[in-house]
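Student: Give me the fold of what follows.
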Amino acid sequence: MKYVTTIEGKEFTVEILDEKHIRVNELVLEMDFMAVSGQPVYSLLIDGKSYEAYVYPEEKDWQVLLRGRQYQAQVEDERKKRLKTAGGLSAEGGEFHLKAPMPGLVVAIPVNEGQVIQKGQVLVILESMKMQNELKAPRDGTVHRIRVKPGESVEQRQPLLNIL
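Tutor: Numbering: from 1, shown residues only. Below is the predicted model:
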């Protein structure tokens, strides 16, 4: 499993290789990670060096206190991040163009043109690599134009629908 972790504006790709090894960007590390007594305290052994970290989950990120320094870390599943960032141009205002984050097959479009939608509502279900992905609305709006049909194959970045 791969994750994208952002700390102080820097992105790190973290891949869990097995129970004792991770890859951070291109560096493979041997590690042991264990919670201490059910507290938000974790014991870390990274390449034979011992660390203690306090980890506090918040609504959108994690607060990590490590070696006397506090870090704010955002952790996203690589696949979900790719789906989110490849989706369109602007989620905040104006017209939003939902684009296919990867090649695939349109399984369903549970909305209609002219329909008022809410943030998080499923707009398109796209099958890719034998997995169904729900592409959701990044904001409230109205479905302006649907550009594909169920059963249609699409290419990466192909426009699927527009929201006003």
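Student: okay, and for this protein, where does confidence drop off?
Tutor: 82-93 (pLDDT under 70).
Student: Spit out the contact partners of the residue of it most remote from its centre.
Tutor: Within the chain, the residue lying farthest from the chain centre (CA atoms, centre = their mean) is G48, at 31.2 Å. By CB atoms under 8 Å, 6 or more residues apart in numbering, the contact list for G48 reads E30. Placement of C-beta: from N, CA and C, glycine included.
Student: if I look at it, how far off is D32?
Tutor: From G48 across to D32, the span is 10 Å (CB to CB, to the nearest Å).
Student: helices and strands around the strand or helix carrying Y71, which ones?
Tutor: Take DSSP states H and E as the rule and Y71 turns out to sit in strand 69-77. Strand 69-77 is packed against strand 2-7, strand 62-66, with contacts defined by 3 or more CB pairs under 8 Å, 6 or more residues apart in numbering; DSSP states H and E.
Student: Those strands: which one's closest to I163?
Tutor: strand 2-7 (25.4 Å; CB to CB).
Student: now the angle from the closest one to strand 62-66?
Tutor: When axes from the mean of the first three to the mean of the last three CA atoms, to 10 degrees is applied, the directions of strand 2-7 and strand 62-66 differ by 70 degrees.
Student: Touching the next helix or strand after strand 2-7 from outside, list them.
Tutor: Moving toward the C-terminus from strand 2-7, the next helix or strand (DSSP H and E) is strand 10-18. For strand 10-18, contacts defined as CB under 8 Å, 6+ apart pick out M1, K2, Y3, V4, T5, T6, I22, R23, V24, N25, V28, E78.
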